[in-house]
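Chemist: sequence unavailable; structure follows:
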């Protein structure tokens, strides 16, 4: 699914935001920038959780700016993963198929297959509290699989994980993107995340996309001055 934001305006307190951005079908685009820059707001506007003052959101050329969140072909994974603690792992995934968990045999099989695909085979009866942080992340991704939405938004979904486990989850996302043809937008504070799986990176600063391009170039010598300040680099070389 191709995503286009055109002059999309939003105001939060005194910050006037305006986003212009295009994401190709099947692409993984990383969104980097300081806290409060508008990265999560940008995802919220795409998902429909936030309402723009003006401008346009288009999916495959169709204007969805006024379409309610539930009707948009989008799945969002947050850092908290939005798992219900009283429901089993399988039921948390099954919510992606039916909010009342009225699933037929084929749908139960689909849930089991999704759990197996993310490495949680045999853990469907456990509660979220009985899982590690990485396993809870995998449950959230299994729910994405059964929802079968073509656009995946990751809002610092793996920020609480250590480097090795975070890399494992990023590799899983990349594999799912390739298998399912997903378009992925990923908010992160870790440039290494972008370098690992995102062909392109957009730098968000003070409510605007200041720079977007090939990840290695955006994070290298071609970085704009605010991005170099954010990265803590001098003349494109890391200082620490």
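Modeler: Structure's in. What do you need? Computed from a predicted structure; not experimentally measured.
Chemist: give me the mean pLDDT for the top helix by length along the chain.
Modeler: When the chain is parsed with DSSP state H, its longest helix is helix 163-180. Helix 163-180 shows a mean pLDDT of 94.
Chemist: packing partners for that helix?
Modeler: Packing contacts for helix 163-180, counted by 3 or more CB pairs under 8 Å, 6 or more residues apart in numbering; DSSP states H and E, involve strand 28-32, helix 133-147, strand 151-155, strand 183-187, helix 191-197. The way it works is simple: take the backbone N, C-alpha and C, and place the C-beta from them, glycine included.
Chemist: switch to 6 Å and redo it
Modeler: helix 191-197 (3 or more CB pairs under 6 Å, 6 or more residues apart in numbering; DSSP states H and E).
Chemist: name the residues of the helix it packs on that are buried.
Modeler: Neighbour-count burial for helix 191-197, counted by 16 or more other CB atoms under 10 Å, picks out 191, 193, 194, 196, 197.
Chemist: same check on stretch 127-139?
Modeler: Per 16+ other CB under 10 Å, stretch 127-139 contains these buried residues: 128, 131, 134, 135, 136, 137, 138, 139.
Chemist: now swap in stretch 205-219 and tell me
Modeler: Neighbour-count burial for stretch 205-219, counted by 16+ other CB under 10 Å, picks out 205, 207, 208, 209, 210, 211, 212, 215, 218, 219.
Chemist: where's stretch 138-145 relative to the chain centroid, distance-wise?
Modeler: In terms of CA atoms, centre = their mean, to the nearest Å, the centre of stretch 138-145 is set 12 Å apart from its chain centre.
Chemist: report pLDDT for residue 64.
Modeler: Per-residue confidence (pLDDT) for residue 64: 97.
Chemist: look up phi and psi at it.
Modeler: phi -120, psi 20 (degrees, to the nearest 10).
Chemist: can you check residue 104 too?
Modeler: Torsion angles at residue 104 (phi, psi; degrees, to the nearest 10) stand at phi -90, psi -180.
Chemist: from residue 135, how far out is the spatially most central residue of the chain?
Modeler: The structure's the chain has its C-alpha centroid closest to residue 154; by CA atoms, centre = their mean the separation is 1.6 Å. Noted for residue 154: a distance of 17 Å to residue 135, by CB to CB, to the nearest Å.
Chemist: now the helices for the chain?
Modeler: Going by DSSP H, the chain shows helices at 39-47, 89-94, 105-117, 133-147, 163-180, 191-197, 215-218, 225-231.
Chemist: can you tell me which of those is nearest to residue 67?
Modeler: helix 39-47 (10.4 Å; CB to CB).
Chemist: now distance to residue 3 too, for the helices of the chain, in TSV please.
Modeler: Formatted as TSV, the helices of the chain follow (distance: least, CB to CB, whole Å):
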stretch	distance to residue 3
helix 39-47	7
helix 89-94	25
helix 105-117	24
helix 133-147	16
helix 163-180	14
helix 191-197	17
helix 215-218	18
helix 225-231	22
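Chemist: neighbours of the residue nearest to residue 52 when sequence neighbours are not counted, just the number please.
Modeler: Distance criterion CB to CB, 6 or more residues apart in numbering; nearest residue to residue 52, sequence neighbours excluded, is residue 8 at 5.1 Å. Number of residues near residue 8 (other CB atoms under 10 Å) recorded here: 23.
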